[in-house]
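Sequence first, predicted coordinates after that:
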Amino acid sequence: MDATKINLVNNNFSDIMLNRHSYRKFKKDVKISNEEISEMLQEAISAPSACNLQSWHFVVCNTKESKDKAHSVLMPFNYPQAETASTIIFILGDTESHLKYRDVWNKAAEKGQITVEERDKVFKSFLPMYEHANRNFLEKDATLDGSMIAMQLLLIARAHGYEANPMSGYDYDRVVSTFGLDNDRYIPITSIAIGKPDEQYKESSRYSVKDVTDFM
Ligand SMILES: Cc1cc2nc3c(=O)[nH]c(=O)nc-3n(C[C@H](O)[C@H](O)[C@H](O)COP(=O)(O)O)c2cc1C
């Protein structure tokens, strides 16, 4: 993606990252268009993913009907976000992303980003690894990819002038089927409520780096 073509409201990296906080109450009258959400997702999918598998899938709840569905799977402590956010995006992991994996590398070869030999090497290494992987491996991989993109989306939301809250407090077993998707294929990673805040954020503390780090 051409970074010079992105028009961000806030392009100050330290502000975007260090002043990100979870907001849980949003101004109800603010709408975010599907076009802008698509832009945010386009920017967010610059995220890295294992072997470039891009094992993510998005469910955008941007209508009353879909927000009601989101509400129906979220835990009660997330109702304030569900009832006030401009949009709620569920990030799902795709455990079958390897089935379309050839397309990514064919495209890269066509564009001259890699040679045909490099592409074929991938088809003989990464691809069989996923084709023979067990469910646990595929789910872990999809969870990592989905987490990468979730973080990007949290920051991109700020760059677009919004605030957000990641929410994994939901009925894990019902999320995918509630949105009519294939329960065997997709797994919930997290959801993100986005909007203009209607509250002061609450400062959250962190353990010290010293306490969570071993320099070897
Ligand atoms: C994976 C994940 C799941 C979370 N789920 C919820 C949730 O269900 N409800 C909620 O209010 N906050 C949720 N949070 C937000 C955390 O509570 C919050 O990030 C943490 O307390 C630190 O606060 P901060 O985001 O303001 O820095 C979640 C965060 C993460 C990373």
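That came through fine.

Look up the closest residue to the residue in the chain positioned nearest to the ligand, ignoring the ones flanking it.
The minimum distance from the chain to the ligand, using CB to the nearest ligand atom, falls at residue 169 (2.8 Å). Glycine gets a C-beta too; all of them are placed from N, C-alpha and C. Ranked by CB to CB, 6 or more residues apart in numbering and with sequence neighbours excluded, the top spatial neighbour of residue 169 is residue 75, at 4.1 Å.

show me the residues around the residue of the chain closest to the ligand that make contact.
Residues near residue 169 by CB atoms under 8 Å, 6 or more residues apart in numbering: 74, 75, 77, 78.

and the gap between the last one and residue 202?
Counting by CB to CB, to the nearest Å, the separation of residue 78 from residue 202 is 15 Å.

near the ligand, which of the contacts of residue 169 show up?
With CB under 6 Å from any ligand atom as the criterion, those include residue 78 near the ligand.

Please list only the buried members of the contacts of residue 169.
74, 78 (16 or more other CB atoms under 10 Å).

farthest-separated two in the contacts of residue 169?
74 and 77 (8.5 Å; CB to CB).

what residues does the chain put near the ligand?
Selection of the chain residues close to the ligand by CB under 6 Å from any ligand atom yields 21, 22, 24, 78, 165, 166, 167, 168, 169, 190, 204.

okay, who's weakest in those residues by pLDDT?
By pLDDT, residue 204 ranks lowest within the residues of the chain next to the ligand, coming in at 94.
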